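Q: the sequence and its predicted three-dimensional model are supplied below.
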Amino acid sequence: MLKQAQMAIRVMGPPPNLRTGCDLVIEFPLILELEVRRILSDSRIQPIQTVPVQDALLSPVSLFQTRDYGDYLMIRAANMKLTIHKATRRIVNISGGGCPDVPWLADQLIGKTLDNAPAPQRLGKTLCGYALHLAWEEMHRQCPG
Amino acid sequence: MSWLIVGTVPRKDFPLTCGQAALNDRELVVNGRVSPVVRGTPALIAAACIVCKTLKLEPPDVLLCGDIGDGDGSRLIYRHLVETGLKQKSHAGLLFHYLQPDVDWHNRILMAIDDLHVRPLLMADAGYMYVAKMSGYAASYDLFTPDVGELAFLADEKAPHPFYTRGFLLHEDNAAPDLIQQAVSNGNAARHLLVKGKNDYVVADGVIVDVVSSPSVEAMEPIGGTGDSLAGVAAALIVSGLTISEACSQAARINRTMGLLANPTPAFAILDLFASLPRAILRVRAST
């Protein structure tokens, strides 16, 4: 949503003093705070905190691991694995992760094709869900319809 | 004395439910509430129930609530444990599984456990293992069951979640011994580790005591729930009287043998594998 609004943002990890649990930081230029808050507010998203950060933020995982099983292809992003049947592009398995939306996302996606399945970022609520979305995007890139 | 398995069910409408688990064909039944066994905590409980039935043990007690990622169900569980659940009935062990990471609630639960007359064994997997490490109290646990990637997260003293682990995907199995030492020396490991991967490592007090590498069934990696089943089998074997290390070694062999007997494709569901679990248990136990 912020990227669609052409905002210069990055998804990062919080420094130790800001951690409360399954956290995600959106880094943005300080001067844009009002606009960022307005866009989030329009979608009823309330940040936990907005703070200027002195310490270096942590970068999310950016590498993907691909494993070819012949008829099936598995892509791993961070701790999430997404597997499809190559000929039909049907999602056959989702594994990994540890947050409660992972089994629920798997229920929503498995059995659907890449084109018919909802994007995990639409349904997911945690960092594991976001990692699954990255795997889903990479799968689309490697297996375009 | 039985164990209590604590986790979530991937449904919004599953209320806070506590009781002894029963496995009825493809469904988990607790206090009249029914959940399909697909993956996640229901899969872990189902694996534990199958081991208990095969070895003629009482099935585990479970504490469950529906949670689809907003954390509401996890917080109901946390509140119940702190206010009443831990004091209601004593358990030999507590296994925490798919739960929303929340450092504040984690620490309150750990303090409540410390107040118990007899401290149960503590085992954590999935989201609760993440928060146990985030909290800085990983060493308070008796067993973690990470895969190799999650081991890299435990070894990375700065990462608050596997999503931020430095070099996450660069860590192959041959790096596991170094990562184990890093996790232990940083205080981010439990007393025992069962590291799942191409090789399964059993670690006790920082020392690798067993490496299980066969049988090897490559198609198991993409199948959701195979890690959950390994954790459930390990917990049930501890209940059966094995030491934690013995239980981890045997569980690794049983899970792999289950895969060998089922001969899966990457499209299999964990329930397809569970049909082979009783035979795998008997075969491995007869050979050890």
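A: Cool, got the structure. Numbering: from 1, shown residues only, chains lettered A, B, ... in the order given.
Q: so what's the residue in chain A positioned nearest to chain B closest to, chain neighbours aside?
A: Closest contact between chain A and chain B, by C-beta to the nearest C-beta, is at A:D101 (2.5 Å). Just so you know, the C-beta spots here come from the backbone N, C-alpha and C atoms, and that holds for glycine as well. For A:D101, ignoring the flanking residues on the chain, the nearest one in space by C-beta to C-beta, 6 or more residues apart in numbering or on different chains is B:G69 at 2.5 Å.
Q: what sits against the one you found?
A: Shown in contact with B:G69 (C-beta atoms under 8 Å, 6 or more residues apart in numbering or on different chains): A:C99, A:P100, A:D101, A:V102, A:W104, A:L105, A:G124, A:K125, A:T126, A:G129, B:Q100.
Q: got the contact list for the second one?
A: Same thing as A:P100. A:126, B:8, B:10, B:40, B:67-69, B:71, B:73-74, B:98-100, B:127.
Q: counting neighbours, what do you get for the residue of chain A closest to chain B?
A: 30 (other C-beta atoms under 10 Å in any protein chain shown).
Q: returning to that earlier point: lowest-confidence entry in the contacts of A:P100?
A: Least confident of those in the model: A:T126, at 87.
Q: so that residue touches A:P103, yeah?
A: No - at 11.8 Å, A:T126 does not count as touching A:P103 under the criterion of C-beta atoms under 8 Å.
Q: which one of the contacts of B:G69 sits in the busiest neighbourhood?
A: Neighbour max across the contacts of B:G69 (other C-beta under 10 Å) = A:P100, 36 neighbours.
Q: phi and psi next, for that residue.
A: The phi/psi pair for A:P100 (degrees, to the nearest 10) reads phi -70, psi -20.
Q: for residue 126, what are its contacts?
A: Using chain A here. A:T126 touches A:C22, A:C99, A:P100, A:D101, A:V102, B:G69, B:Q100, counting by C-beta under 8 Å, 6+ apart.
Q: ah, I was thinking of chain B
A: Contacts of B:A126 (C-beta under 8 Å, 6+ apart): A:G97, A:G98, A:C99, B:G7, B:G40, B:H97, B:Y98, B:L99, B:D228.
Q: give me the number of residues near the first one?
A: Residue crowding around A:G97 was assessed by other C-beta under 10 Å; the count is 33.
Q: mind checking pLDDT for it?
A: Reported pLDDT for A:G97: 92.
Q: for it, give its distance to B:A275.
A: 25 Å (C-beta to C-beta, to the nearest Å).
Q: got it, and the third one?
A: In this structure, A:C99 lies at 29 Å from B:A275, with C-beta to C-beta as the measure.
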